[in-house]
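*Asks:* got a structure for you, letters missing:
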């Protein structure tokens with residue numbers, strides 16, 4: 001099973017995260033299949049960059065986003081695009 005989740009990088013108290021597609025059995029910062037985006041919560045305002053096409057590709061393939069990634073996708077509009085494509089078929 002593939003999960004879309006955050007992978008932590010950065011130093012102590014200065015994290016940033018990559019949004020990755022990874023096997024659910026791997027550790028949080030372990031091997032991943034593909035990098036989809038970057039999330040930097042410590043910047044003011046927090047920045048989130050995502051490749052919409054890659055995200056939708058993984059969602060169509062059955063990847064399950066974690067709660068945090070799902071929330072970020074909703075704010076970026078990825079979930080709306082995915083659901084509208086899915087419902088139009």
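*Replies:* That came through fine. The model shown is predicted, which means the values in this text are computed figures rather than measured ones. Residues are numbered from 1 along each chain as shown.
*Asks:* going forward, measure contacts between C-alpha atoms and count neighbours the same way
*Replies:* Noted.
*Asks:* who's the most centrally placed residue in the chain bridged to?
*Replies:* Closest residue to the average C-alpha location of the chain: residue 19 at 3.8 Å, with CA atoms, centre = their mean. Bridge pairing for residue 19 (DSSP bridges) gives the partners residue 6, residue 37.
*Asks:* is it correct that it is in contact with residue 35?
*Replies:* Yes: Residue 19 is within contact range of residue 35, at 6.1 Å (criterion: CA atoms under 8 Å).
*Asks:* output the contacting helices and strands for the helix or strand of the chain with the lowest mean pLDDT.
*Replies:* Every helix and strand of the chain was ranked by mean pLDDT, DSSP states H and E. The lowest is helix 78-88, at a mean of 91. Where contact means 3 or more CA pairs under 8 Å, 6 or more residues apart in numbering; DSSP states H and E, helix 78-88 is packed against helix 52-60, helix 67-76.
*Asks:* could the ones you listed go into JSON lines alongside mean neighbour count, mean pLDDT and distance to residue 28?
*Replies:* Listed next are the helices and strands packed on helix 78-88 as JSON lines, based on neighbours: other CA atoms under 10 Å; pLDDT from 0 to 100; distance: least, CA to CA, whole Å:
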{"stretch": "helix 52-60", "mean neighbour count": "17", "mean pLDDT": "95", "distance to residue 28": "18"}
{"stretch": "helix 67-76", "mean neighbour count": "15", "mean pLDDT": "96", "distance to residue 28": "13"}
